[in-house]
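Enquirer: My questions concern the predicted model and sequence given below.
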Amino acid sequence: MRLSHYVVTRRALPRVANDNRRPRAVPAWPWAVAIVAAPTLTAALILTQLI
C-alpha cells in the first residue's frame, strides 16, 4: 500500500529566499474593504458639504 495513492494535492515547491513573486492566492479582503468604504466615504463627503 502506497501513501502516494491517497495523496491528491502535492506540496508546494520550496521557494528561494529572494523570490519576490506574489503568492498565487491573492487575498480578497482589500477589495472588499474598498468596496464597502467607497460609498461610506462618499456619503460622508456629501454630508459635510451640506452642513
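Expert: The structure has been received and is ready for your questions.
Enquirer: so which strand or helix has the residue nearest the centre of the chain?
Expert: Residue closest to the average C-alpha location in the chain (CA atoms, centre = their mean): Pro27, at 0.9 Å. Following DSSP states H and E, there is no helix or strand that holds Pro27.
Enquirer: Could you measure from it over to Ala17?
Expert: 22 Å (CB to CB, to the nearest Å). The C-beta positions use only the backbone N, C-alpha and C, and glycine is treated the same way.
Enquirer: what about this structure, any weak spots by pLDDT?
Expert: By pLDDT under 70, the low-scoring segments of the chain are 1, 3-4, 7.
Enquirer: ranges for the helices of it?
Expert: 29-50 (DSSP state H).
Enquirer: burial of Ala12, as a residue count?
Expert: The local packing of Ala12 (other CB atoms under 10 Å) involves 8 other residues.
Enquirer: Kindly report the same for Leu45.
Expert: Leu45 sits with 10 neighbouring residues when counted by other CB under 10 Å.
Enquirer: how close does it sit to Trp31?
Expert: For Leu45, the distance to Trp31 under the criterion CB to CB works out to 21 Å.
Enquirer: cool, and Arg11?
Expert: According to CB to CB, Arg11 and Trp31 sit 29 Å apart.
Enquirer: of these two, who's got more company?
Expert: Legend: neighbour count by other CB under 10 Å for Arg11 and Trp31, higher for Trp31 (10 against 6).
Enquirer: To what extent is Arg21 buried, counted in neighbours?
Expert: Residues near Arg21, counting by other CB under 10 Å, number 6.
Enquirer: and the gap between it and Trp31?
Expert: When Arg21 is compared with Trp31 (using CB to CB), they lie 20 Å apart.
Enquirer: do the same with Arg2
Expert: In this structure, Arg2 lies at 42 Å from Trp31, with CB to CB as the measure.
Enquirer: One more: Arg24?
Expert: With distances taken as CB to CB, Arg24 is found 17 Å from Trp31.
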